[in-house]
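**Student:** how does the following fold in three dimensions:
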Amino acid sequence: MGVSETIAEYFDFAAHETSLRTELIAGATTFLAMAYIIVVNPSILVPAIFGAPPGELSPTSETEIAGDVYTYTEVFQMLAVVTILASIVAIAVMAFYANRPFGLAPGMGLNAFFTFTVVLILGVPWQVALAAVFVEGIIFIALTAVGARRYIIELFPEPVKFAVGAGIGIFLLFLGLQEMELVVAYDATLVNLGNVLESPIAAFSLAGLTLTLLLYARGVRGSIIIGILTTAIGAWLVTLLGLVSPGVITPEQPYEDVTNEGLLSVLTSVQYDFTPLVWGFVEGLGMIVDDPLVFALVVFTFFFVDFFDTAGTLIGVSQVGGFLDEQGDLPEIEKPLMADAVGTTAGAMMGTSTVTTYIESSTGIEEGGRTGFTALVVGGFFALSLLFVPLMSAIPQYATYLALVVVGIIMLQGVADIDWQDPAWAIAGGLTITIMPLTTSIANGLAAGIISYPLVKAAMGDHRDVSLGQWLLAVAFVVYFVIYFAVQAGQFGF
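**Tutor:** Next comes the predicted model:
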């Protein structure tokens, strides 16, 4: 039996009606759509390590970690390596244990909460914040093992489950169009249409998006990955030919590094040793006793946001792949949930914030990815990227966001599954869909739907249709928001 046959049998390609070629393309597509995290996650976490806002830091800034002094660049590269390794650990569990085509990595939003709210505003040392993420991960592992996470997710009202996909779709569209500068900030109405005649990024993004959508409409397999790579290559060609200055439509740092230092020097100057961050985590465990109440609140907030972000993402991307059953549940959901629990625990020990399932997984699913081999390919690309940490930012970020726009459009089909004639479905589903993009939070969208559903049902005289568990879930969200707003208002400090 050949290698391809062995892979097909292990991941059960036949039962999932997929092929090796399809899974490879799907994995590559998902990786390209989420590869930005290798650069973005370190840039968000570095200020936490230095204990200073981004505007006060420079490449020459220095900080002490575990008794030694490190520069901004060295810390950045440590975090990039840790981001990659934490992703690989979680993806390995997803591929071999869950056999699902979902990519995982340190979560956006959660990393910002880690740095700006917990460390810089509350004054919690980054070492203690890592300890909180670790404890959250341990709790996740325990709850997943006993089936508690699956039980809570299955309590979600049906209209919320079926609305999640469309809500995430609009969320993806909004994020993608903003990054491509086709939607821009505007004081009077918050957002407005970007000017492609003034913004080179908007013009290049529009050209790339048009190509990608036309390829998709013609049924070209791999249209998303073709669009991303074509846009990136085109941007670099225009830059290298001198038609556009470096840093306008391409990332400036890779260009400067390769030009000034030489490719070999750039590839061999990476700070791969991340053990200082590990020792920082160990220090954090010993600092918990300094203020256990605030530590417990931080753990609770990390836990709550990550729990529902992951749940919403899993349900939304599973809807795209046709994995949900008639009740809107994902069979054996505890297996992919275990992947993010293990990834979060391992990631915290290495030095990064919470690991979660990525919305961008839907890009690979749309390309036909159906098994854990898609996730394994994503993990393989993450491993390969260790060799090119300084150059991973060479793909313009706006190019990768083409995938989010295309998939966001596709995910809107979920609105067809909602009974818009039923007030409870219309209100809960409608709020779920709209609150997600308007607050840039999957968890907030779920909260709107989960809280409103039992209230509307009770107002309609159908309170018997609402289970005790659904009422308790709604109350839990109210309690969470009270604590969250209190934390943001600075009523607690370390």
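**Student:** just how off-centre is stretch 63-82 within its chain?
**Tutor:** Between the centre of stretch 63-82 and the centre of its chain there are 23 Å (C-alpha atoms, centre = their mean, to the nearest Å).
**Student:** that's a strand at Y70, yeah?
**Tutor:** Yes - counting by DSSP: H, G, I helix; E, B strand; the rest coil, Y70 falls inside a strand.
**Student:** tally up the residues packed near the residue nearest to P42 when sequence neighbours are not counted, please.
**Tutor:** Spatial nearest neighbour of P42, chain neighbours left out: L79 (3.6 Å); criterion: C-beta to C-beta, 6 or more residues apart in numbering. For glycine as for every other residue, the C-beta is placed from the backbone atoms N, C-alpha and C. Using other C-beta atoms under 10 Å, L79 has 28 other residues around it.
**Student:** mind checking which helix or strand L79 is in?
**Tutor:** For L79, the enclosing helix or strand under DSSP states H and E is helix 72-93.
**Student:** which other helices and strands does that helix contact?
**Tutor:** helix 37-50, strand 62-65, strand 104-106, helix 275-286, helix 334-350, strand 355-357, helix 372-385 (3 or more C-beta pairs under 8 Å, 6 or more residues apart in numbering; DSSP states H and E).
**Student:** give the rounded mean pLDDT of that helix.
**Tutor:** The pLDDT scores in helix 72-93 average 93.
**Student:** what's stretch 272-281 in contact with?
**Tutor:** Contact with stretch 272-281 is made by 49, 65-66, 68, 70, 77-79, 81-82, 85, 126-127, 130-131, 134, 348-351, 386, as judged by C-beta atoms under 8 Å, 6 or more residues apart in numbering.
**Student:** what about that stretch, average pLDDT?
**Tutor:** Stretch 272-281 shows a mean pLDDT of 93.
**Student:** adjust the sequence numbering to begin at 86 for everything that follows.
**Tutor:** In the new count, where the first residue is 86, that last one comes out as stretch 357-366.
**Student:** distance between that stretch and the chain's centre?
**Tutor:** 23 Å.
**Student:** what about the longest helix in the chain?
**Tutor:** Counting by DSSP state H, the longest helix found in the chain is helix 377-406.
**Student:** now do the buried residues in that one.
**Tutor:** For helix 377-406, burial by neighbour count (16 or more other C-beta atoms under 10 Å) applies to 379-380, 382-406.
**Student:** about what we covered before: ok, the residue nearest to P127 to G136 distance?
**Tutor:** 15 Å (C-beta to C-beta, to the nearest Å).
**Student:** same deal with A273?
**Tutor:** In this view, A273 and G136 are 37 Å apart by C-beta to C-beta.
**Student:** those two: which is more packed in?
**Tutor:** Taking neighbours as other C-beta under 10 Å, A273 and G136 compare with G136 leading, 13 against 6.
**Student:** so where's the stretch 86-235 of the chain shaky on pLDDT?
**Tutor:** 86, 194 (pLDDT under 70).
**Student:** please disregard the earlier target; I meant the stretch 236-385 of the chain.
**Tutor:** Using pLDDT under 70, the stretch 236-385 of the chain drops low at 306, 337-354.
**Student:** okay, helices next: where are they in it?
**Tutor:** 243-264, 285-302, 308-325, 337-346, 348-352, 360-371, 377-406 (DSSP state H, counting those that start in this stretch).
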